[in-house]
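**Q** Kindly return the folded structure for what I paste below:
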Amino acid sequence: MNGGNSRPVSPGGGVSPSSVRLSENASEISGLSAVNGADERRVTGHQAPPAGMQASARDMYSIHGEQAARRRAIAELIFFAGVNDLRRCRQIAVTWNIKVKEPAVMDYDRRTPLHVSAAEGAYSVVEWLVHEGADVNSLDRHGRTPLEEAARNDHGEVVRLLIQNGGNVFEDGKLVPLDQSKLRGIVNTRRMMMSELGWEPEWEVNPRELQLVERIGSGEFGDVYKAKWHGSYVAAKLLKRSDEIAIGDFRTEIAILRKIHHPNCTQFLGACTKQKPYIVITELMACSLADAFQRTFYTPSVRRQVEIALDFARGMAYLHSRRQPIVHRDLKPANLMIAGNLHADTEQLYLDSGVIKVADFGLSKSLVPVERHGGLVGAQDINVTYKLTGETGSYRYMAPECFRHEPYNLKVDVYSFAMIIFQLFEATQPFAGHDPVEAARNAAMLSARPGFPPRNKLSKTELEMRRLIEDCWAADAEKRPTFEEIIQRLEAQLATLPKHQHFEKDAACTGCNLQ
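**A** A predicted model of the protein is given here:
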C-alpha cells in the first residue's frame, strides 16, 4: 500500500473499483477538472465565483469532495467489518486515516463498525476494533450497544470478548451488565464463564474418538477423511493452516453451523478445536457434483436436471432466509454433495436417486484461504499464487463483484448458481478452454458470460432454463432473482415434465479439465 496515495488500493497494489468511484466523485464535486482555463460552470453546474473568490471557492469544493469520499470510505469500512474482512478494514482505516474510536465513524442509524461486526459474529474484527479503542458501549439510534447486538444474535464468543472489555447493555436509561438485564436469558453467560474454566460446548469432540479410515478428498481448506465415530461413518475434514485460523471466528461459526438443519444442506455433527489440526465433522456423503461431472458419461434427463437444480436452490434459499442469512461465497460443483446409498455408484446417484446437499457453508469468515484474497491483482502475482496452491476452481464460478473486491450481498451466490446450472444443463464448463482466473477477470471487467452451445432443437424447459441462467448471472446483482423466486420457476417447469424420462449418453464430458 502506498501511504501517500489518497486512494484505497486493492490487495495486489492496483486501485480498487470502489475507490476509483470515490476519487471520481471527489474530483467531480470539487470542480477542478476544467481544462486550460475552461469555464468551471460546465463541471460544477454553478456560476464561476468572482476572480478574487475563486481560490477560496475551489478550496471549499475540494474539501467537500474529500469529505464525501471519506464518508464513502467509512461506509465501506462498516460493510467489511460485517463480513469479517479484517485485512480490508485495516487497509481502509490506514489509507483514509480513520480512527475507529472517533464518534463520526458510524452510519445513519449511528451503528458503528463495532455494532455491525458484533451483530454478525465477526470475532477478528471485533477484537481489532476493541484494541483500537472503539467505544464498546456506544449506542445506536435504537439504544443498542454492540454487546446487545452480539447477544441477540447468539454470538457467544463475541459476547464474552465484549464483556471482558467492559461491554454492557443499555436498559432503563443506563448501562447495566448483561447478566443483570432483561436479555440475560438470550445468551447463557454462566455457560460461557464455565467454558473459560474448561467446560466444553456440546459440539466439541475429543479427537481420540475419531478413527480415520481413508482419505476421500482434498481441497483448499484441508483433507477430508472417511472416519468412524461412535460406530457411525462420518466425514472428518482436517483443516490446513490451523495456525492461521482465528479460533474466536472459528468457534463463532461452529456455533451457527450446529443450528443448520435442512434436507439440502450437509449436517454438521461436531468439531475438534482444543488441539491442532482443527477438525470439522459432518455427515458422510457418497460423492460431489464435481465427481459426477468427471466420472459420468451420461446426461441426466431434463427432469432430473431440474430436480438437481431444485435441491440446490432449496438448500440455498434456506441459508439465505435465516434470521442471520449465510452467504456461501464459494459455490462450485465440488461444494455440492450427493447424498444416498454409500454403496451405490456415482452414476446411479447422479442420474437417478441422489439428493443434492450444499456443503462447506458457514465457515466463510474464519476459513477464507489466503490465496483467495487475490481479486484485482497483477496477472503475474495471481498466476504464481495459483501455481503454488493448485486452487483455481472457485474463480470460474465467482461473482464479478467478488473478483472486483466490491461490497456484495446474497446475490453473489445466485451468480455462482447460474454458472453451475449452466454446466449441468449444457454439459460443458462455463468458459470452457479458458484459464479460470482469466475467465473470472473477463466476466468481472468485460461482462463476459459463457456462450450456450448450439443445438438443433430445444424443449420449452431447456429454453426457460437458459433464460433463468441469464437472469441469475446478470451484471447488476440487484436484477438477479432470489432463490425463492428461482424455486418457483423451477417448480413450474418440473410440473410440465413427465415423471419418467431416460438419460442419454453424451459425448461431452462436463468434468473434462475440471477446475
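
**Q** for the stretch 251-400 of the chain, which spans come out with low pLDDT?
**A** Counting by pLDDT under 70, the ranges of the stretch 251-400 of the chain that qualify are 362-393.

**Q** try it again with 50
**A** Counting by pLDDT under 50, the stretch 251-400 of the chain has low-confidence residues at 368-393.

**Q** which residues of the chain fall in strands?
**A** For the chain, the strands defined by DSSP state E cover 169-171, 174-176, 210-218, 222-229, 232-239, 268-272, 279-283, 287-288, 298-299, 336-339, 355-358, 504-505.

**Q** Redo these as TSV? Include mean neighbour count.
**A** All C-beta spots, glycine's among them, are computed from the backbone N, C-alpha and C. Putting these into TSV (neighbours: other C-beta atoms under 10 Å) gives the following:
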stretch	mean neighbour count
strand 169-171	20
strand 174-176	13
strand 210-218	14
strand 222-229	18
strand 232-239	20
strand 268-272	22
strand 279-283	22
strand 287-288	22
strand 298-299	17
strand 336-339	24
strand 355-358	23
strand 504-505	8
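
**Q** Dump those strands into a markdown table; add distance to residue 128 as well.
**A** As requested, the strands of the chain are exported to a markdown table (distance: least, C-beta to C-beta, whole Å):
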| stretch | distance to residue 128 |
| --- | --- |
| strand 169-171 | 22 |
| strand 174-176 | 23 |
| strand 210-218 | 32 |
| strand 222-229 | 26 |
| strand 232-239 | 22 |
| strand 268-272 | 24 |
| strand 279-283 | 25 |
| strand 287-288 | 36 |
| strand 298-299 | 50 |
| strand 336-339 | 34 |
| strand 355-358 | 30 |
| strand 504-505 | 55 |
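
**Q** and of these, who's closest to residue 467?
**A** strand 298-299 (20.2 Å; C-beta to C-beta).

**Q** who does the closest one pair up with?
**A** strand 504-505 (antiparallel) (DSSP bridges).

**Q** quick one: average pLDDT of the partner strand?
**A** The predicted model assigns strand 504-505 a mean pLDDT of 58.

**Q** for stretch 453-471, same thing?
**A** Here the mean pLDDT over stretch 453-471 is 95, rounded to a whole number.

**Q** What's the local residue count around residue 437?
**A** Residues contacting residue 437 under the criterion other C-beta atoms under 10 Å number 21.

**Q** For it, give its distance to residue 418.
**A** Shown here: residue 437 relative to residue 418, a distance of 19 Å by C-beta to C-beta, to the nearest Å.

**Q** and if you look at residue 154?
**A** Taking C-beta to C-beta, one finds residue 154 at 33 Å from residue 418.

**Q** and what of residue 497?
**A** 21 Å.

**Q** Also residue 66?
**A** The gap separating residue 66 from residue 418 is 40 Å, by C-beta to C-beta.

**Q** And residue 207, by the same measure?
**A** Looking at residue 207 against residue 418, where the rule is C-beta to C-beta, the gap reads 40 Å.

**Q** neighbour-wise, which of these two wins?
**A** With other C-beta under 10 Å as the criterion, residue 207 and residue 418 differ in neighbour count, and residue 418 comes out ahead with 25 against 16.

**Q** Okay then, goodbye and thanks.
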